[in-house]
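[1] one predicted model, sequence on top.
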Amino acid sequence: MTDHLYYGDNLDVLRESIRDESVDLIYLDPPFNSNATYNALFRAPSGEASQAQIEAFEDTWHWNDAAERAFDDVMRSGNAQAADMLRALRSFLRDNDMMAYITHISVRMLELHRVLKPTGSLYLHCDPTASHYLKVLLDAVFGPKNFTNEIIWKRYGAHNDVGQGSKHYGRVHDALLFYSKSNERCWHQLFVPLDQEYAAETYRMIDETTGKRFTTTPLTGPGGAEKGNPIYEWNGHTRAWRYSKETMQKLHDEGRLYYSSTGYPRQKLFLEKSKGVPVQSIWSDIRSLSGAMRERLGYPTQKPLALLERIISASSNEGDVVLDPFCGCGTTIHAAEKLKRRWIGIDITHLSISLIENRLRYAFPGIKFEIHGSPKDLDGARDLAARDKYQFQWWAVSLVDAVPQNSKKGADGGVDGHIYFKSGARTTEKAIVSVKGGGIGVKDVRELANVVDREKAKIGVFISLEPHTQPMVKEATGAGLYDGPTGKVPKLQLFTIEELLGGKRPRIPLIERAFKVTEVEDMEEQDELDL
């Protein structure tokens, strides 16, 4: 089976491209927070958020015609529980941003439930801002009996949102709402290593024969006789036992029973045989990514790879299909590939699709997957430019690994993107990127030269659909060279979309990527770990 990465609205992709009951595991982390910059993927080295990326999301969570259509879709979905729930929430919340968010998630959740296999599970990642509303939503879609866990992920040891007049406790956790489609869900119990202090305190007994440390556990059957546990007498004590009499005898013969002074048996659990502690519903052993961690790509809402590896390992098998409909910087996809699962990723921006493509090709050399919705040739680029000039500009900017800057609101000042690079040990410079989807001429090169000077940039990169004219090339050549730390490069550089699709790239010294690349995964080492 081929892995798939989709550009587009996940609702459209789910409806048009994902079959009923074809997915084994879904993880989603829908962007929402009262802080508008929560959704900003790209940031300049100064920390300034990309206006283009904010605008890619900003209309999604406001009550508008799209929210009204989504509400109507749920009302007509045939799921009476979901419709009743959403109607009741709207009467309480009214038509505001939170209600828009819940409505958009509701119509998508119906589709996610449809594509999930009967043995499948869903993990919805959220913060306390909306987790209580989302749990009610999931109860309506999946049924309350299919609620499995609310997992608390303690992402910070302490957080800087307290102090200086604040009147609340430190907000250090997220929630993961874990639901399954049925009680037949795929499940693998995971363990974490024993804490040394806990091990010393718990495994205090010493076996007289072997000298090994052990603790004990009850042998009575959970639920007693009503649950079918066998009743018999053992060493003077009659109980409903966990094991058959034959198994009890085997444990006794192997020296794995411990007897109290009254002869009551308990089972020995040896420290050396311990798998560790079963993972519980509070996860405090996986920390959020800090700027110093090598895994961090510069994506503000990026989740640790270990978090997704735990979810995928617990709730799927090798070869299963993992879906992330808000795949952002691709951590779910990365973890799925690493753990030998098949995957489907969906995101609404070309920026994310480009980032994930680069991340996967670097981490897994030779990887093969299909990208849907992004232009693959000049005709596709022309079609995108005709349909949506802003998405075309954002896509074109992503081809040169630039930070997008253009905005749907007002003039962009001739700046569609920035490429940051180092000119010394501590100095960061920038190149201006300008994209044109229509007719071009020498005046466009002159305008770029003016913008480069105005913005105190060092290099200008001009990207166009149409071929450059000879006067344009002459004008760019006349702008001279930038003498950087790795040598001289043209100050103005012209590229067509066709050239960029063919692999040609700007000459930028010591480029500082919009996102850092991840490390190459050692899949042979992964094979050894899986054995």
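    Okay, I see it.
[2] rest of the way, CA atoms for contacts and neighbours
    Will do.
[3] once you drop chain neighbours, what's closest to the residue lying farthest from the centre of the chain?
    Here the chain reaches farthest from its C-alpha mean at residue 236, the gap being 57.0 Å by CA atoms, centre = their mean. Nearest residue to residue 236, sequence neighbours excluded (CA to CA, 6 or more residues apart in numbering): residue 263, at 7.2 Å.
[4] please settle this for me: is that neighbour part of a strand?
    No - with the criterion set as DSSP: H, G, I helix; E, B strand; the rest coil, the secondary structure at residue 263 is coil rather than a strand.
[5] can you read off the pLDDT for it?
    Per-residue pLDDT puts residue 263 at 96.
[6] what about it, distance to residue 462?
    For residue 263, the distance to residue 462 equals 86 Å [CA to CA, to the nearest Å].
[7] ok, these two, which is more surrounded?
    residue 462 (21 against 12; other CA atoms under 10 Å).
[8] OK, contacts around the more buried one?
    433, 434, 435, 436, 445, 448, 492, 493, 494, 495 (CA atoms under 8 Å, 6 or more residues apart in numbering).
[9] just put the residues you listed in CSV and tack on neighbour count, distance to residue 209 and pLDDT.
    Output for those, formatted as CSV (neighbours: other CA atoms under 10 Å; distance: CA to CA, whole Å; pLDDT from 0 to 100):
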residue, neighbour count, distance to residue 209, pLDDT
433, 27, 76, 96
434, 28, 79, 96
435, 25, 78, 96
436, 20, 82, 95
445, 25, 87, 97
448, 23, 84, 96
492, 27, 81, 97
493, 21, 79, 97
494, 21, 81, 98
495, 19, 78, 97
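[10] quick one on the thing from earlier: tell me the contacts of the residue nearest to residue 236?
    By CA under 8 Å, 6+ apart, the contact set of residue 263 is 235, 236, 237.
[11] the residue lying closest to the last one once chain neighbours are set aside: neighbour count?
    Put plainly, it is residue 237. Distances taken as CA to CA, 6+ apart put residue 264 closest to residue 237, at 6.6 Å, once the chain neighbours are dropped. Here the neighbour count serves as a burial measure; for residue 264 (other CA under 10 Å) it reads 16.
[12] quick one, helices of the stretch 251-400 of the chain?
    In the stretch 251-400 of the chain, helices defined by DSSP state H, counting those that start in this stretch lie at 305-315, 331-338, 350-363, 378-387, 389-398, listed in chain order.
[13] give the other helices and strands that the first one contacts.
    Think helix 305-315. Here helix 305-315 touches helix 331-338, going by 3 or more CA pairs under 8 Å, 6 or more residues apart in numbering; DSSP states H and E.
[14] which residues touch the helix it packs on?
    Helix 331-338 is touched from outside by 27, 302-305, 308-309, 312, 322, 324, 327, 342-345, 360, 521, 523, 526, with contacts defined as CA under 8 Å, 6+ apart.
[15] go again using 7 Å as the cut-off
    Counting contacts by CA atoms under 7 Å, 6 or more residues apart in numbering, the residues outside helix 331-338 that touch it are 303, 305, 308, 309, 312, 322, 324, 342, 343, 345, 360.
[16] paired strands for the longest strand along the chain, with orientation please.
    Under DSSP state E, the strand in the chain containing the largest number of residues is strand 116-126. Using DSSP bridges, the neighbouring strands of strand 116-126 in the sheet come out as strand 23-28 (parallel), strand 173-180 (antiparallel).
[17] now it against helix 305-315, angle please.
    Strand 116-126 runs at 150 degrees relative to helix 305-315, counting by axes from the mean of the first three to the mean of the last three CA atoms, to 10 degrees.
[18] mind checking how far strand 116-126 is from the chain centre?
    Here strand 116-126 shows a centroid-to-chain-centroid distance of 14 Å under the convention CA atoms, centre = their mean, to the nearest Å.
[19] so residue 15, which state does it fall into?
    Under the three-state scheme (three-state DSSP), residue 15 adopts helix.
[20] just give me the neighbour total for it.
    Other residues near residue 15 come to 15 when the count uses other CA under 10 Å.
[21] please apply the same query to residue 398.
    The number of residues packed near residue 398 is 20, by other CA under 10 Å.
[22] quick check, it in contact with residue 353.
    No - under the criterion of CA atoms under 7 Å, residue 398 lies out of contact with residue 353, with a separation of 9.2 Å.
[23] any weak-confidence spans in this structure?
    Low-confidence segments of the chain, defined by pLDDT under 70: 32-61, 160, 290-301, 406-412, 424-426, 510-519, 523-531.
[24] mind splitting it into its structural domains?
    Taking automatic domain parsing as the domain assignment, the ranges for the chain are 4-160+167-190+279-372, 192-277, 378-512.
[25] gap between the last one and the chain center?
    The reference is to domain 378-512. Centroid separation between domain 378-512 and its chain, computed with CA atoms, centre = their mean, is 30 Å.
[26] the second one now?
    Relative to its parent chain, domain 192-277 has a centroid offset of 42 Å by CA atoms, centre = their mean.
[27] now swap in the first one and tell me
    The chain centre lies 7 Å from the centre of domain 4-160+167-190+279-372; the measure is CA atoms, centre = their mean.
[28] end to end, how far does that domain reach?
    Distance between the two ends of domain 4-160+167-190+279-372: 7 Å, counting by CA to CA.
[29] got the contact list for residue 71?
    When the contact criterion is CA under 7 Å, 6+ apart, the partners of residue 71 are residue 103.
[30] how about the one helix or strand it maps to: buried residues?
    Counting by DSSP states H and E, the element that carries residue 71 is helix 65-75. Within helix 65-75, the residues that qualify as buried are 66, 67, 70, 71, 73, 74, 75, counting by 16 or more other CA atoms under 10 Å.
[31] is it true that residue 178 touches residue 125?
    No - counting by CA under 7 Å, residue 125 is not a contact partner of residue 178; they are 8.9 Å apart.
[32] if I look at residue 390, how far off is residue 502?
    Taking CA to CA as the measure, residue 390 falls 22 Å from residue 502.
[33] ugh, wrong one, I meant residue 148
    In this structure, residue 148 and residue 502 are separated by 49 Å, where distance is defined by CA to CA.
[34] higher neighbour count, those two?
    In terms of neighbours (other CA under 10 Å), residue 148 is the more surrounded of residue 148 and residue 502; the figures are 15 against 10.
[35] contacts for the strand or helix carrying that one?
    Secondary-structure element containing residue 148, defined by DSSP H and E: strand 147-154. The set of residues that contact strand 147-154 without belonging to it, under CA under 7 Å, 6+ apart, is 172-180, 281-284.
[36] got it, and stretch 177-196?
    Taking contacts as CA under 7 Å, 6+ apart, the residues outside stretch 177-196 that touch it are 118-125, 142, 146-151, 275-279, 314-316.
[37] ok, stretch 11-22 next?
    Among residues not part of stretch 11-22, those counted as contacts by CA under 7 Å, 6+ apart are 108, 111, 114, 115, 116, 117.
[38] what about residue 469, neighbour count?
    A count of nearby residues for residue 469, using other CA under 10 Å, gives 12.
[39] show me what contacts it?
    In this structure, residue 469 makes contact with residue 441, judged by CA under 7 Å, 6+ apart.
[40] on that earlier part again, of the contacts of strand 147-154, which pair is most distant in space?
    Spatially, the most separated pair among the contacts of strand 147-154 is 172 and 180, at 26.6 Å (CA to CA).
[41] between these two, point out the one with more neighbours.
    Between residue 172 and residue 180, residue 180 has the larger neighbour count (other CA under 10 Å), namely 27 against 16.
[42] not counting its neighbours along the chain, what's nearest the more buried one?
    In this structure, residue 180 finds its nearest non-sequential neighbour in residue 121, 4.1 Å apart by CA to CA, 6+ apart.
[43] cool, and residue 154?
    Setting aside the residues directly before and after it, residue 154 is nearest to residue 173 in space (CA to CA, 6+ apart), at 4.3 Å.
[44] how near is the closest residue to residue 312 other than its chain neighbours to residue 72?
    Ranked by CA to CA, 6+ apart and with sequence neighbours excluded, the top spatial neighbour of residue 312 is residue 336, at 7.0 Å. The span separating residue 336 from residue 72 equals 35 Å under the rule CA to CA.
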